[in-house]
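K.L.:
need a 3D model of the sequence below.
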Amino acid sequence: MAADRWATFDCYGTLIDWNGGIRRELARVFGEERADTQLERYHEVEPALQVGGGRTYREVMTAAMGELGAPLGEEAGLAAALPSWEPFQEVRAALEEARARGWKLAILSNSDRDLIDASLAQIGVSFELAIVASEIGSYKPAPTHWLRFFEVTGAPRELHVHVAQSHYHDIVPAHELGLRTIWINRYAERHELRPSRELSDLAGLPDTLDELVRA
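P.N.:
Reported below is the predicted structural model:
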């Protein structure tokens, strides 16, 4: 019997509209005119708060809102809003087609269990497992998510592909581990290090997965 093919995914930014969700909450708290600037600042502040892996993601988001100057009582609003954030339009059909072609799916997320469970319910497609930062004490770009995935599943690396939007958090460390990668470059970014394949969204994902690992 042939071994299983595995596709692992980052969730926020790749499957769930993370930027859109954060921006809506920032606009609510700080006003529409400041939302874009505060979103840029959020991306600068968050990675430093994840260093060491000691905070839950809910704590990271709350601390980041504090650093952005959220009024007293509004710091926890971002984490409270996350469960309502929706997947990108093409995500469900792409994942369902990948499953129909025999791919097993897993999530590797810088998140907490309750938050990822809420987001998976929004996506509405079954995943074999989800590995979250707060349970392993580590945030990507550290390699712990991938090492735990291979430990738990025993998946052959030659039958595995990692799919993600974040070049910094996912594509670079996966490349350093020698893994095949599909970069979902939703924002037309440019980076020197190239993934195995690059897509603008997940619409072409099933064909690209099959191209990288034949059944």
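
K.L.:
so, low pLDDT: which residues of this protein?
P.N.:
Along the chain, segments meeting pLDDT under 70 span 1-2.

K.L.:
using CSV, write out every CA atom in the longest helix along it.
P.N.:
In the chain, assigned by DSSP state H, the helix with the most residues is helix 32-50. This file holds the C-alpha atoms of helix 32-50, laid out as CSV (Å, rounded to 0.1, in the frame of the first residue of the first chain):
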residue,chain,number,x,y,z
GLU,A,32,-10.7,53.9,10.1
GLU,A,33,-8.1,56.6,9.5
ARG,A,34,-5.5,54.9,11.7
ALA,A,35,-6.3,51.2,10.8
ASP,A,36,-3.7,50.7,8.1
THR,A,37,-0.9,52.3,10.1
GLN,A,38,-1.8,50.3,13.2
LEU,A,39,-1.9,47.1,11.1
GLU,A,40,1.7,47.7,9.9
ARG,A,41,2.7,48.3,13.5
TYR,A,42,0.9,45.1,14.7
HIS,A,43,3.1,43.1,12.2
GLU,A,44,6.2,44.7,13.7
VAL,A,45,5.2,44.2,17.3
GLU,A,46,3.8,40.6,17.3
PRO,A,47,7.0,38.6,16.5
ALA,A,48,8.9,40.0,19.4
LEU,A,49,6.1,39.0,21.8
GLN,A,50,6.3,35.4,20.5
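
K.L.:
and that helix, what's buried?
P.N.:
Under the neighbour-count criterion of 16 or more other C-beta atoms under 10 Å, helix 32-50 has 35, 38-39, 41-42, 45-47, 49-50 buried. To be clear about C-beta, it is placed using only N, CA and C from the backbone, and glycine gets the same treatment.

K.L.:
with stretch 51-62 instead?
P.N.:
Residues 55-58, 60-62 are the ones in stretch 51-62 that count as buried (16+ other C-beta under 10 Å).

K.L.:
stretch 205-215 now?
P.N.:
Neighbour-count burial for stretch 205-215, counted by 16+ other C-beta under 10 Å, picks out 205-206, 208-209, 212-213.

K.L.:
now swap in stretch 140-152 and tell me
P.N.:
140-142, 144-146, 148-150.

K.L.:
closest one to residue 178 out of the residues you listed, please.
P.N.:
Closest approach between the buried residues of stretch 140-152 and residue 178, by C-beta to C-beta: residue 146, at 10.3 Å.

K.L.:
break the chain into its domains for me.
P.N.:
For the chain, automatic domain parsing gives the domain ranges 5-16+86-212, 18-84.

K.L.:
which one of those has the most crowded surroundings?
P.N.:
Of all the domains of the chain, domain 5-16+86-212 carries the top mean neighbour count, a mean of 19, counting by mean count of other C-beta atoms under 10 Å.
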